[in-house]
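J.: sequence-free structure coming up:
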């Protein structure tokens, strides 16, 4: 809902529990008024009527109060917008008009031919913000164009939450006091990156289930930056957008425009857990395609076969997967070109004639006959120097003239900003999806930008933005042409997870680390912002030969992976009949609880910090608890867990024991889990009677 003040210069956006208000002064200064509990328009106008605070001579009366600080004028904070022409630098805008169209507010400004539109949209309690820059004047350079600047109310002792990591250790949560100055996170690698997820949260005294939490998440799959600044007067502002530094985003010729990605913000007074549930509901409702459809249990052949694959061998695995109850069979890397290792074949997206003499259709038909969907792995944005594509078009990759072309994993990055590269990939992928009964595509991205050059292009740095825009356009085009095909975003694990790619894919690969104990911490961090509905997790072999050699039970591996979208990635040809039978039981159990896990509200009962950890999902009358006992020391009893999100006036039946309990249910005191020893796990189901 959007309310507009009587003079047309105060605006209030309201959701179910929160409001966001801003005010335009007579000097065309756009000031922030309120972000927090729901208020009325009269309250916003009262805030606007308060006298401006007094400032010392060396400080700015605008810093920390503006909605979208630009470069130039009486400002010292980091500018959200920095523009340069041949004659001048900076912005001195004038207000033109506003439009309140349905749930979207647009504020239009202009500066010497540059049109600047600030967009606001309330979806639930999430405020979406973005900016459109349309140039009708002389050519100009966008040095920086952030999507939004968020202003927080004055509080004592802000604390910053962020998700950091690296390959195989993504999405680890850390909280630390916010100090004066700036905290900057981001990626300079051309993709979202393993090092940080584009999300931050701030609180002053929140717990898991109580207290105010402010969160911001950026929807961009390329290089990005979020800066959290505590200003000299203790005010806090958060700015974020595409690009990492101010070296230049784009050059806009007359008639050209640029729309920034969405930078979304959320206020919650229900603690970190309440904020997470609000983020999850927002993504399931407005971001994730077909989020009301549960994702199938998949098998992926990578860890079973790596590059040594054949049609007959994949058929053997498919039969075992189908007998286990798997619903989607995925052939990973090695099916195309001369791809017998990571040294060759990338870019040549046609089936290897020795391994698949009649193409992928016979295997796809066979998988379908077994009652499963069929999927494949691709890495379209990359090329091996040893490939037909590179030999034909060596100029299609990113490179700096006169410099060595850096290879990671024996591959180079295609310059997807080039129209000819876009059309080549469209032709290859559209033809591939039309040639076989393919239901699912795992889209990988296994190296970062390094030599991001574009010889012959007047403004080569634009490829950092235009590569991502072309990726989005290609995914959108493929989804429109093949609406029954689902896509997964992968980047060496969790290297490309953000709201932008999530709007175009059905699930994401959380991490290449499939160790079930490590995954508990990775999934704990991931769930701070993203829902279980998109979090792919696999059961692989024990010992975990891919990473750490840890031994774990099939029970622990399954319950760990059942916290998201369940997959299996072990070598089924080596599993015993007893293991296959046990796995079939776990898969059947997951199918029963899947709607609750993938669509339910998440409650983090205890974090994975040693000892017992647990999560709870509530969906309608159903409740599911997944619990993991990491270690038990000195014979100490495990402390009980009180379930959340249940109606205290109602009775609930435990399906594992048949016991009936009131809404305030304690695990271990009333509901027995049977957890004992190290690396044990349990699934507990309750239903409201």
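T.: In hand now; what should we look at? Nothing here was measured: the structure is a model prediction, and the numbers come from that model. Numbering: from 1, shown residues only.

J.: And for the closest residue to residue 514 other than its chain neighbours, the neighbour number?
T.: Sequence neighbours aside, residue 540 is the residue nearest to residue 514 in space, at 4.3 Å (criterion: C-beta to C-beta, 6 or more residues apart in numbering). In this view, the C-beta of every residue, glycine as well, is placed from N, C-alpha and C. Neighbourhood size, residue 540 [other C-beta atoms under 10 Å]: 24.

J.: all strands of the stretch 551-689 of the chain, in order?
T.: 565-568, 601-606, 612-619, 622-629, 641-642, 651-654, 660-662, 666-667, 670-671, 680-688 (DSSP state E, counting those that start in this stretch).

J.: does residue 478 sit in a helix, a strand or a coil?
T.: helix (DSSP: H, G, I helix; E, B strand; the rest coil).

J.: pretty sure it contacts residue 430?
T.: Yes - the pair residue 478 / residue 430 is scored as a contact, 6.8 Å apart, by C-beta atoms under 8 Å.

J.: who has more neighbours, the two?
T.: Per other C-beta under 10 Å, whichever of residue 478 and residue 430 has more neighbours is residue 478, with 22 against 15.

J.: quick one: contacts for that one?
T.: By C-beta atoms under 8 Å, 6 or more residues apart in numbering, the residues touching residue 478 are 426, 429, 430, 433, 485, 487.

J.: what mean pLDDT does stretch 523-533 have?
T.: Over the span of stretch 523-533, the pLDDT mean works out to 98.

J.: Tell me the buried residues in it?
T.: 523, 524, 525, 526, 527, 528, 529, 530, 531, 532, 533 (16 or more other C-beta atoms under 10 Å).

J.: Nearest residue to the last one in space, please, no chain neighbours.
T.: In this structure, residue 533 finds its nearest non-sequential neighbour in residue 598, 4.4 Å apart by C-beta to C-beta, 6+ apart.

J.: Can you pull the phi/psi pair for residue 668?
T.: phi 80, psi -30 (degrees, to the nearest 10).

J.: Now do the same for it: its pLDDT.
T.: Reported pLDDT for residue 668: 75.

J.: Local confidence estimate at the closest residue in space to it that isn't next to it in sequence?
T.: Distances taken as C-beta to C-beta, 6+ apart put residue 640 closest to residue 668, at 4.3 Å, once the chain neighbours are dropped. Note on residue 640: pLDDT of 86.

J.: In contact with residue 640, which residues are there?
T.: By C-beta under 8 Å, 6+ apart, the neighbours of residue 640 are 666, 667, 668, 669.

J.: now swap in residue 646 and tell me
T.: 618, 623, 652, 663, 664, 665, 686, 688.

J.: Looking at those, spot the one nearest residue 370.
T.: residue 623 (33.8 Å; C-beta to C-beta).

J.: Report how many residues lie close to residue 6.
T.: 8.

J.: hang on, it in a helix?
T.: No - under three-state DSSP, residue 6 sits outside any helix and is assigned coil.

J.: element containing residue 150, please.
T.: strand 148-152 (DSSP states H and E).

J.: strands paired with that strand, and their directions?
T.: Using DSSP bridges, the strands paired with strand 148-152 are strand 236-242 (antiparallel).

J.: List the buried residues of the strand it pairs with.
T.: 236, 237, 238, 239, 240, 241, 242.

J.: will you turn those into JSON lines that also has pLDDT?
T.: What follows is those, written out as JSON lines (pLDDT from 0 to 100):
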{"residue": "236", "pLDDT": "96"}
{"residue": "237", "pLDDT": "97"}
{"residue": "238", "pLDDT": "98"}
{"residue": "239", "pLDDT": "98"}
{"residue": "240", "pLDDT": "98"}
{"residue": "241", "pLDDT": "98"}
{"residue": "242", "pLDDT": "98"}
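
J.: Name the nearest of the contacts of residue 640 relative to residue 118.
T.: residue 667 (48.3 Å).

J.: Below-threshold pLDDT in the stretch 151-300 of the chain: ranges please.
T.: Along the stretch 151-300 of the chain, segments meeting pLDDT under 70 are nowhere present.

J.: what are the ranges of the strands in it?
T.: Going by DSSP E, counting those that start in this stretch, the stretch 151-300 of the chain shows strands at 159-164, 172-177, 181-187, 196-203, 213-218, 224-230, 236-242, 250-252, 257-259, 263-268, 298-300.

J.: Relative to residue 464, which of the ones you listed is closest?
T.: For the strands of the stretch 151-300 of the chain, proximity to residue 464 was assessed by C-beta to C-beta; strand 236-242 is nearest, at 8.0 Å.

J.: Give me the contact list for that closest one.
T.: 64, 77-78, 80, 144-152, 158, 178, 198, 200, 202, 216, 218, 220, 222-231, 249, 260-261, 263, 464-465, 468.

J.: Let's see that with 7 Å instead.
T.: 64, 77-78, 80, 145-152, 158, 178, 200, 202, 216, 218, 220, 222, 224-231, 249, 260-261, 263, 465 (C-beta atoms under 7 Å, 6 or more residues apart in numbering).

J.: Would you mind listing which of those residues are buried?
T.: 64, 77-78, 80, 145-152, 158, 178, 200, 202, 216, 218, 220, 222, 224-231, 249, 260-261, 263, 465.
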